[in-house]
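Novice: Predicted structure and sequence below. I'll ask about it afterward.
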Amino acid sequence: MTAIALQTVAPKRDPNTDPSHAELANAAPRVLPFMDRVWSLLDGSRTTSGVVDAICSEFDVSRDVAERDLEELLTELESVKLIERG
């Protein structure tokens, strides 16, 4: 799978309640929050722009980075026939 620069997309964090970096590293086998959220947004009711809007409101990421990363992800998902764009 093509890298989609997940390092540049991080959920907004609350240092008072969120786990430390070490705790997050130990949770590596879990699905990344960004990927999980994008997948849940691909329900057929949103445009690409609508998915980007949601990602930008929930994650600490600029719109152009979110658009680029989402396009790369959608292209990869489409190439392996996990999604179909209409």
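Specialist: Nice, thanks for sending it over.
Novice: Quick check: buried residues in the helix or strand where residue 56 lies?
Specialist: In this assignment (DSSP states H and E), residue 56 forms part of helix 48-58. Buried residues in helix 48-58, counted by 16 or more other Cβ atoms under 10 Å: 51, 52, 54, 55. Where C-beta positions appear, they are placed from N, C-alpha and C, glycine not excepted.
Novice: gap between the last one and residue 68?
Specialist: By that I understand residue 55. 12 Å (Cβ to Cβ, to the nearest Å).
Novice: intersection of neighbour lists for these two?
Specialist: In terms of Cβ atoms under 8 Å, 6 or more residues apart in numbering, residue 55 and residue 68 are not both contacted by any residue.
Novice: circling back: got a list of contacts for the helix holding residue 56?
Specialist: Helix 48-58 is contacted from outside by 9, 11-12, 34, 37-38, 41-42, 46, 61-63, 66-67, 70-71, 74, using Cβ under 8 Å, 6+ apart.
Novice: Filter the residues you listed down to the buried ones, ChimeraX style.
Specialist: Buried residues within the contacts of helix 48-58, by 16+ other Cβ under 10 Å, are selected in ChimeraX with:
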select :9,34,37,38,41,42,61,66,67,70,74
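Novice: which residue ranges form the strands in the protein?
Specialist: Counting by DSSP state E, the chain has strands at residues 10-11, 59-60.
Novice: Now do the same for residue 33: its pLDDT.
Specialist: Predicted confidence (pLDDT) for residue 33: 75.
Novice: scratch that, residue 9 is what I was asking about
Specialist: Reading off the model, residue 9 has pLDDT 40.
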